[in-house]
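Enquirer: Provided below for reference: sequence and predicted model.
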Amino acid sequence: MAARINKKRSFLFVSKVLGKHIPVNPYTPLLSGAALGLLLYREMSAETAAMDKLLDQAVHGLLHPQYAEEAYRELLAAQLTLPRPVVFIGFAETATALGHSMYNLFAGGASYIHTTREDIPELTSVISFEEEHSHAVDHLCYALHPGMLSGEEPVILVDDEITTGNTAINIIRDIQAKFPRREYVVASLLDWRSAANIQAYRDLEQELGIRISAISLLQGTIQVEGTPLLETEAGKGGADLDTGVPVVTTYIEDTLERLKVSSADSCGEINASPYLKLSGRFGLESADNRLIDQEVHRVAARLMALREGRHALVMGTGEFMYLPMRIAAELGEDVSYQSSTRSPIHPQHRPDYGVRSAAGYPSAGDPSIINYIYNVEYGQYDDIFVLLERDVPAQRIKPMTDILKGLAGNKVHLIVLAARQEAEEAADEGDR
C-alpha cells in the first residue's frame, strides 16, 4: 500500500505484477495480462480443464517471478483463439501494457486499442470519458479505423484496479451511445467493488439492455479512513549526486510504420515527431502481432550490445509501456522493468510501505505535468535504458535524465525508436 497525493482517492495498491511503480521481472507484467486473458477464455469457451491447468501455471509464475518466463511462454504456445471476435480497450496510463498483454495472448480474432491523455490535433477521439478519481480525468481514444468499435463484438475493458467501477460505467455509457452492442467484460488485476458498486453494474445492465461481466485475479473489499495529505514529499533521490555517469542517446532504426501526426501540450507547444502506428494507441489487429514480435527481437538485439554492467533497468515512459516491457524481456538475465508515471505518491523509506523513494520532474511531453520515478535507489542498477516511442527535444528530456544520472551506477541510455530516415538524420547530426 501507499498514500496518493490525491483528494479524490487517498490510497494506492502498489502492484508487484504491473511494472509501474516497482521494478519487476519483465515477464511478470506480461504474464499478469496473459493470466487475465486465460480467465476471459475460460469464460467464453468450454475448455475449462485445460484452462485451469494453464491458469495454475500462470499463478505460480506470478507468485514466483523466477518461473514467470516459463509460464508466459507456455501460455503463448497454447495459441488460443477466442470463439468469437472481441475488442480490448486498455485504460491509460497504467493499464496500457496490461491490456496489450491480455490481447496478445490470443492468436486471432482480437483487436486492441488503449485510451490516451495525449492531445493529437489531427485526429478526433471516437469515444471519450472521465476517470473521476484520477488527477488526470479525461480519456481519449484515437481509433484510426472507427469500424473496430462499430460492430457487435464484446468489448473487454482492461484496468489494473477496479475500486468503484465508475470509470467502466462512464466508458460503457459513451460506447453504448455511439456503438451499441450487447456485451461488455471488465477485466482487472484487483476488484474492490462494494455490494453497492456491483449493483450499479446490474442497474446499468437493466437501463441499457446489456450484459456486463467482471473478471479479476483477486477480489475483495476495502475500507479507507482518514484525510488525504496533499503536500508532496517527492524529492530527487540521488539526482543531486555528481556521479559523472554519462547519458548516451541512441536512435535505433526499426521497420515499424509511423503515423505522421503531432502532439500539442498544455503550453501550446507542438511536437511534430511521428508516432508509432502499432503502439496500441491507434488500434491493432491480431495480424499485426507478428511484425511487432519481429521488431522487438531486432531492437532487443541492438540493446543487448549496449549492456555493460550486470544489473540493468529498462524504463517505459507514461503510456508507452508494452514495447519497452517486451524488449526488456529479451535482454537476458538481471534485467528489471518499470515505467515512469504521472501519479503523485507519498514516499516513505520503510520496509512495509510500497513506495520507498520518489523523484519528480517535468514531463518531456508536457512540462506542466510532473512525472515520477519510484523505488529506484542509487547504484541499484549499472545501466538504465529509457525507451521513447518518438523523438522529443533534448531540453525536454533532460530533467528525467538528470535524475537518472544520479541513480545509475554506470551509464544512462536514452533509446529513441526511429524510422530509417529519422535514425539517419540523427546519425548525421551526431557526426557534425
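Expert: Thanks, I have the structure now.
Enquirer: got a list of contacts for the strand of greatest length in the chain?
Expert: Among the segments of the chain that qualify as a strand by DSSP state E, the longest is strand 80-90. Defining contact as CB atoms under 8 Å, 6 or more residues apart in numbering, one finds that strand 80-90 is touched by 37-38, 40-41, 44-45, 96-100, 102-103, 105-115, 141, 148-149, 151, 153-159, 171, 280. Where you see a C-beta, it was placed from the backbone N, CA and C, and this is true even at glycine.
Enquirer: adjacent strands (with direction) for that strand?
Expert: strand 106-114 (parallel), strand 155-162 (parallel) (DSSP bridges).
Enquirer: just say which of those strands is most tucked in.
Expert: A comparison of the strands paired with strand 80-90 by mean neighbour count, using mean count of other CB atoms under 10 Å, puts strand 155-162 on top with a mean of 24.
Enquirer: what comes into contact with whatever helix or strand comes next after it?
Expert: As assigned by DSSP states H and E, the chain's next helix or strand after strand 155-162 is helix 166-178. Applying CB under 8 Å, 6+ apart, the contact partners of helix 166-178 are 89, 91, 115, 126-133, 139, 149, 155, 157, 159, 162, 181, 184, 186, 200-201, 204, 208, 210, 212.
Enquirer: how far off centre is stretch 196-211?
Expert: 28 Å (CA atoms, centre = their mean, to the nearest Å).
Enquirer: ditto for stretch 257-273
Expert: Worked out by CA atoms, centre = their mean, stretch 257-273 lies 20 Å from the chain centre.
Enquirer: in that stretch, what's buried?
Expert: 258-259, 261-263, 265, 271, 273 (16 or more other CB atoms under 10 Å).
Enquirer: circling back: buried subset of the contacts of helix 166-178?
Expert: Buried among the contacts of helix 166-178 by 16+ other CB under 10 Å: 89, 91, 115, 126-127, 129, 131, 133, 139, 149, 155, 157, 159, 162, 181, 184, 186, 200-201, 204, 208, 210, 212.
Enquirer: let's see which of these end up in strands.
Expert: Those of the buried ones among the contacts of helix 166-178 lying in strands (DSSP E): 89, 127, 129, 139, 155, 157, 159, 162, 184, 186, 212.
Enquirer: partner residues bridging the first one?
Expert: Right, residue 89. Going by DSSP bridges, residue 89 forms beta bridges with residue 113, residue 157.
Enquirer: how about the buried residues of stretch 257-273, which pair is most distant?
Expert: Using CB to CB, the two most remote members of the buried residues of stretch 257-273 are 258 and 265, lying 19.9 Å apart.
Enquirer: in the stretch 301-432 of the chain, where is pLDDT below threshold?
Expert: Across the stretch 301-432 of the chain, the ranges flagged by pLDDT under 70 are 420-432.
Enquirer: before we move on, what about the stretch 51-200 of the chain?
Expert: In the stretch 51-200 of the chain (pLDDT under 70), the answer is 130-137.
Enquirer: count the residues that sit near residue 308.
Expert: By other CB atoms under 10 Å, the residues close to residue 308 number 10.
Enquirer: and the chain, what are its domains?
Expert: Using automatic domain parsing, the domain parsing of the chain gives 17-219, 237-431.
Enquirer: who wins for proximity to residue 2 among the ones you listed?
Expert: That would be domain 237-431 among those, by CB to CB, at 3.9 Å.
Enquirer: residue 97 contacts residue 33, doesn't it?
Expert: Yes. Contact criterion CB atoms under 8 Å: residue 97 and residue 33 qualify, at 7.1 Å.
Enquirer: more crowded one of those two?
Expert: Neighbour comparison, residue 97 and residue 33: the larger count goes to residue 97, with 33 against 30 (by other CB under 10 Å).
Enquirer: am I right that that one falls within a strand?
Expert: No. Under DSSP: H, G, I helix; E, B strand; the rest coil, residue 97 sits outside any strand and is assigned helix.
Enquirer: from the contact counts, what lies against the host helix or strand of residue 325?
Expert: Element membership for residue 325, per DSSP H and E: helix 322-328. Under the contact criterion of 3 or more CB pairs under 8 Å, 6 or more residues apart in numbering; DSSP states H and E, helix 322-328 touches helix 27-44, helix 96-104, helix 289-306, strand 312-316, strand 335-339, strand 383-388.
Enquirer: just the CA atoms of stretch 122-132, as PDB, please.
Expert: Extracted C-alpha coordinates of stretch 122-132, given in PDB (Å, rounded to 0.1, in the frame of the first residue of the first chain):
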ATOM      1  CA  GLU A 122      -5.000  16.000 -36.400                       C
ATOM      2  CA  LEU A 123      -7.200  13.200 -35.000                       C
ATOM      3  CA  THR A 124     -10.700  13.000 -33.400                       C
ATOM      4  CA  SER A 125     -11.400  10.800 -30.500                       C
ATOM      5  CA  VAL A 126     -14.100   8.200 -31.300                       C
ATOM      6  CA  ILE A 127     -15.000   7.900 -27.600                       C
ATOM      7  CA  SER A 128     -14.200  10.000 -24.600                       C
ATOM      8  CA  PHE A 129     -15.000   9.600 -20.900                       C
ATOM      9  CA  GLU A 130     -13.800  10.600 -17.400                       C
ATOM     10  CA  GLU A 131     -11.900   8.700 -14.800                       C
ATOM     11  CA  GLU A 132     -13.400  10.600 -11.900                       C
END
